[in-house]
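Enquirer: requesting a structural model of the entry that follows:
(one chain, ligands or ions: 1)
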Amino acid sequence: MQAKKFRISMRFAGIAAAMLMGFDALAAGPSAGYAPLSIPFAAEPVGADNVYYFSGESGVPGKQNEGFTANAGFVITEEGVVVFDALGTPSLGAAMIDKIRELTELPITHVVISHYHADHVYGLQAFRELTKAKIIAQEASRLYINSPDASQRLEQRKQALSPWIDDNTRVVTPDFTFEEGTLLESGQYRFHVVHAGPAHSPDDSLMLVEPAGVLFSGDIIQNERVPFLASSEVDTANWMRAIGKVRDLNPRVLIPGHGKASESAMDALNFTYDYLAYVRDRMGNAVEAWIEFEDAYEQTDWSRYENLPAFEASNKANAYRVYLEMEKAALGGS
Ligand SMILES: [Zn+2]
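Expert: Residues are numbered from 1 along each chain as shown. The predicted model follows:
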């Protein structure tokens, strides 16, 4: 098992990596010029050989969590390391690289991005500067990168996350984009990357690692909490189709975009799928019967979800968003 074989001192691993790969592995982390981190930061195993994740804290990005609010992960293959998501600051990206190099001297070959939201991608800058990894994302990410939203978000994070985000921070663009999906092969593993958006963002994508049976889901599969559907870009029909595709591949371990990894991936997939189906069914019926949203919401039995985290914060807005989506579909929109 790759991971154990190279569990040697960080310094030695860094030197070995630098010698073998011909670039400066020792420059990762704060020494590379990124603001140092003081939060605990570790690569946690997830119940599948060679697969690890970094488990972000809950809450909004701020000085208390140093921007570490999302998850990211990686798989060590016989040929190299495939990373999924890059966390929310260049410092966190550099810390990921350091942790990976404690475990293996193999090169980081790819970084696959779940969606281009700040908490998942600002770490890409470190991967671009310190590795030769190819960055892969869904085509619609380009829309976000060039949007006013993206520059406003960066300005906001400079305030909220100084010194980890500053005037040197930039949004790194992908090297390759895909439409429906793409398949990567590295060593003993296959990586099925599937476009699932627009769900909570246009470019939402999932990555299933076979034969490990590990699903990196980004933000669209949540474990035991009400998912967030209240985005103007939401398309629950697409979302359900994407879950259907991934469900057919029968994953075992789930690494979500936020929250703890789970060894019952199918439960989380089924939970999200059933929630989407339920809200669509109830709101769809109401639209067909010309029932106003407020009445439809009141008349719906929410008892199976009302005790879950995020119910209060998200459920009504979710239902409204789906109501509008069903109304649009009923009126002949897409
Ligand atoms: Zn997120």
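
Enquirer: give the buried residues for the longest helix seen in the chain.
Expert: Criterion DSSP state H: the longest helix present in the chain is helix 265-288. Neighbour counts over helix 265-288 (16 or more other Cβ atoms under 10 Å) mark 265-266, 268-269, 271-273, 275-276, 278-280, 282-284, 286-287 as buried. Any C-beta I mention is one placed from the backbone N, CA and C, and that applies to glycine too.

Enquirer: and the gap between the closest residue to L229 other than its chain neighbours and F311?
Expert: Residue nearest to L229 in three dimensions, not counting chain neighbours: N318, with 4.0 Å by Cβ to Cβ, 6 or more residues apart in numbering. Distance from N318 to F311, counting by Cβ to Cβ, to the nearest Å: 10 Å.

Enquirer: repeat that for A268.
Expert: Counting by Cβ to Cβ, the gap from A268 to F311 is 17 Å.

Enquirer: identify the residue nearest the residue positioned nearest the centre of the chain in space, chain neighbours excluded?
Expert: Taking Cα atoms, centre = their mean, the centroid of the chain lies closest to G218, which sits 2.8 Å from it. Closest residue to G218 apart from its sequence neighbours, by Cβ to Cβ, 6+ apart: S114 at 2.8 Å.

Enquirer: so the one you found, which state does it fall into?
Expert: At S114 the chain is in coil, as set by DSSP: H, G, I helix; E, B strand; the rest coil.

Enquirer: again, but for I220
Expert: Taken by three-state DSSP, the conformation at I220 corresponds to coil.

Enquirer: check whether it really touches P202, as I assumed.
Expert: No: taking contacts as Cβ atoms under 8 Å, I220 lies outside contact range of P202: 12.0 Å.

Enquirer: looking at the two, which is more packed in?
Expert: Between I220 and P202, I220 has the larger neighbour count (other Cβ atoms under 10 Å), namely 25 against 20.

Enquirer: how much space separates the more buried one from L254?
Expert: 12 Å.
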